[in-house]
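[1] dropping a prediction and its sequence here:
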Amino acid sequence: MAKKKRLKILLVILIVLFLALILGGGIYMMLMKGNGKFFSRTTLNGYDISDMEPDQAAEMLEKTYKDASVVINEKGKPSIEGSLEDFGCSVDDEGLKRMLTKALQEQRDGLGDLFNSLAHGSAFALQVPFTMDEQKMLAKASAANLRDERVASKDAYLDYDEEKNEYRIVPEVYGNEFPDEKLQSLVQFRIENFMQERQAGDKIVVDIPEDIYRLPSVTEKDPDLTTQCSVYNSYCKASVTYEFGSQTETIGWDRIRDWITISDGQGILQEGDIREFVTDLENRYNTRYRDRVFHTSFGTDVTIPGNLNEYGYRINEDAEVAQLAADIQGNTAVSREPVYYSVNEDYGNPLYYHREGQDDLAGTYVEVNLSAQHLWFYKNGGLVVESDLVSGSVAKNAETQTGAFPLAYKESPSVLVGSNAADGYETKVQYWMPFYEGQGLHDATWRGAFGGSIYQTNGSHGCVNLPYWAAEQIYNNIDAGVAIIIYK
């Protein structure tokens, strides 16, 4: 009985205490509602707002967030610093006050909140309203404002060492440039996150990540670059100096480089490019089978058409293309003449004598004026022989062929044989110098006169008849290949 009595007494005491707590709490709530302040031990986002009215709490919070600083670190060191306001971020004052007023109302309207506040305090976690001046933020979070000067990254590249005559790879340079928008996006995210974290703090630290920087797109280990370096060094020492007498023309690496393509790690010379170059040489230096303008000893010019211009230089295109390719692949300096068609295919006779640049006579030639029945022989620019002559008979339709011809060979003595059955002959001469299909220069001791109009009715079978002394001097000073220029 005594035990039951004690339990009843204890239950009555508890009920009285509960009623007293409810009554006291209700009284306390009415009192606190009346003063419009947050309860003691109240925090918002970690900031203490105990016993503050919403306006007071808003003012304190606005100043706290406004004074928070933003630090942008580069390579571990501060580079840009400023307040949130410097970065365009401002607390929405009116919005913050409305948020705090609502929080105060929620804290006081619920009995459970009241008991919880009394027992443990109140901790609000709310997003602080703010506005962002994007243009101000973009202007502040710019690479131009960073402490260190911006340096652009540079690709590795090939450099030609003229002294060593070889290529080397210049390593890439890692700079510190980056797109502003990447930094600005990161800063904006961190600021917004700071405002939304609902945690107390006074500093936003933004570390510029390494992957933000613009990197070189080509490094010294780039396989294409190393292949190109190797290929170029296999050709860059090549040069060909073409000799045109004392005049020369050199093709070097600056031109050859454009003829090389790289495929599957190998350098390939483009034959089409080489052939194009050789064709250009032909157009500029070929003299055979082209119209020839000849300045006569009388001071006039005559034109010998290309089909009668058998004398001169003509590049053997296929052979020159092959030789030039071989010279380039040899990767060394070469000096030589172009590969010419140098001798007559049927007889092996030379097609030219010598040249000086584009001048393929170079002061050495025999000039025959059929109208004047006169001859001049020049050697190295000097007159060696000048003489009258008798050319092929007009009456017998055996005129001497006009044109430009290389001297086939010379022979002393020689026997001239005519193959025409109606007018065959066999004549011994001392100096024989043929130039065109059985026609040639030679002495004619059977003639008592030269020049004038003799050739009209009593001319030769087509040869150029000369006095013995003239034929002798020419023979002793001429060589095979010298040009014989014949015109009217």
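    Cool, the structure landed.

[2] by mean pLDDT, point me to the weakest helix or strand of this protein.
    helix 2-35 (a mean of 58; mean pLDDT, DSSP states H and E).

[3] could you point out which element follows it?
    As assigned by DSSP states H and E, the chain's next helix or strand after helix 2-35 is strand 42-44.

[4] what's that following strand in contact with?
    Residues outside strand 42-44 that contact it (C-beta atoms under 8 Å, 6 or more residues apart in numbering): 48-50, 57, 61, 100, 103, 107, 117, 121-126. All C-beta spots, glycine's among them, are computed from the backbone N, C-alpha and C.

[5] which one of the residues you listed is nearest C229?
    Checking those against C229 with C-beta to C-beta, the nearest one is A125 at 62.2 Å.

[6] wait, that closest one sits on N45?
    Yes. The criterion here is C-beta atoms under 8 Å, and A125 meets it with N45 at 6.2 Å.

[7] so for these two, which residue has more residues nearby?
    Using other C-beta atoms under 10 Å, the more surrounded residue of A125 and N45 is N45, with 21 against 11.

[8] sorry, back to before: just the contacts of strand 42-44: which are in helices?
    If you go by DSSP state H, the contacts of strand 42-44 have A57, L61, L100, A103, Q107, S117 in helices.

[9] in the stretch 301-450 of the chain, which spans are strands?
    301-304, 333-336, 365-369, 374-379, 382-388, 403-406, 414-418, 425-429, 432-436, 439-443 (DSSP state E, counting those that start in this stretch).

[10] mean neighbour count, distance to G451 and mean pLDDT added to the ones you listed, as a markdown table?
    Output for the strands of the stretch 301-450 of the chain, formatted as a markdown table (neighbours: other C-beta atoms under 10 Å; distance: least, C-beta to C-beta, whole Å; pLDDT from 0 to 100):
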| stretch | mean neighbour count | distance to G451 | mean pLDDT |
| --- | --- | --- | --- |
| strand 301-304 | 14 | 20 | 98 |
| strand 333-336 | 13 | 45 | 98 |
| strand 365-369 | 22 | 11 | 98 |
| strand 374-379 | 20 | 7 | 98 |
| strand 382-388 | 15 | 3 | 98 |
| strand 403-406 | 23 | 22 | 98 |
| strand 414-418 | 14 | 21 | 91 |
| strand 425-429 | 13 | 19 | 91 |
| strand 432-436 | 24 | 19 | 97 |
| strand 439-443 | 25 | 15 | 98 |
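
[11] contact partners for F405?
    E310, Y311, F435, Y436, A483, I484, I486.

[12] which of these are buried? Put it as a ChimeraX command.
    Buried members of the contacts of F405, defined by 16 or more other C-beta atoms under 10 Å, are picked up in ChimeraX with:
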select :310,311,435,436,483,484,486
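
[13] farthest pair in the contacts of F405?
    Y436 and A483 (11.9 Å).

[14] for K37, which of the strands of the stretch 301-450 of the chain is the nearest?
    Across those, closest to K37 is strand 333-336 (C-beta to C-beta), at 97.6 Å.

[15] so what does the closest one touch, helix or strand wise?
    Applying 3 or more C-beta pairs under 8 Å, 6 or more residues apart in numbering; DSSP states H and E, we find strand 333-336 packed against strand 239-244.

[16] the strand it packs on pairs with which strands, parallel or anti?
    strand 247-251 (antiparallel), strand 333-336 (parallel) (DSSP bridges).

[17] so can I have a markdown table of those strands showing distance to L186?
    Formatted as a markdown table, the strands paired with strand 239-244 follow (distance: least, C-beta to C-beta, whole Å):
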| stretch | distance to L186 |
| --- | --- |
| strand 247-251 | 56 |
| strand 333-336 | 58 |
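
[18] and the closest residue to N145 other than its chain neighbours, how many residues sit next to it?
    Among residues not flanking N145 along the chain, I80 sits closest, at 5.2 Å (C-beta to C-beta, 6 or more residues apart in numbering). If you count neighbours by other C-beta under 10 Å, I80 ends up with 22.

[19] list the contacts for I80?
    If you count contacts by C-beta under 8 Å, 6+ apart, I80 has them with V70, V71, I72, K140, A141, N145, L146, R147.

[20] then Y353?
    A362, T364, P406, D479, G481, V482, A483.

[21] swap in 7 Å and give it another go.
    T364, D479, G481, V482, A483 (C-beta atoms under 7 Å, 6 or more residues apart in numbering).

[22] same question, T261
    I268, Q270.

[23] rerun that using 10 Å as the cut-off
    Applying C-beta atoms under 10 Å, 6 or more residues apart in numbering, we find T261 in contact with V231, G267, I268, L269, Q270, D273.

[24] and the gap between it and L324?
    Using C-beta to C-beta, to the nearest Å, T261 is found at 17 Å from L324.

[25] where does this protein dip in pLDDT?
    Applying pLDDT under 70 to the chain flags residues 1-7, 10-12, 14-34, 110-119, 197-201, 419-423.

[26] Y160 sits in which helix or strand?
    Secondary structure from DSSP H and E places Y160 in strand 157-161.

[27] mind listing what's buried along that strand?
    Here strand 157-161 shows no buried residue, counting by 16+ other C-beta under 10 Å.

[28] only alpha carbons, please: show that strand as PDB.
    C-alpha atoms of strand 157-161 as PDB (Å, rounded to 0.1, in the frame of the first residue of the first chain):
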ATOM      1  CA  TYR A 157      59.200  23.700 -84.000                       C
ATOM      2  CA  LEU A 158      62.000  23.000 -86.400                       C
ATOM      3  CA  ASP A 159      64.900  25.400 -86.600                       C
ATOM      4  CA  TYR A 160      67.400  25.400 -89.300                       C
ATOM      5  CA  ASP A 161      71.000  26.000 -88.200                       C
END
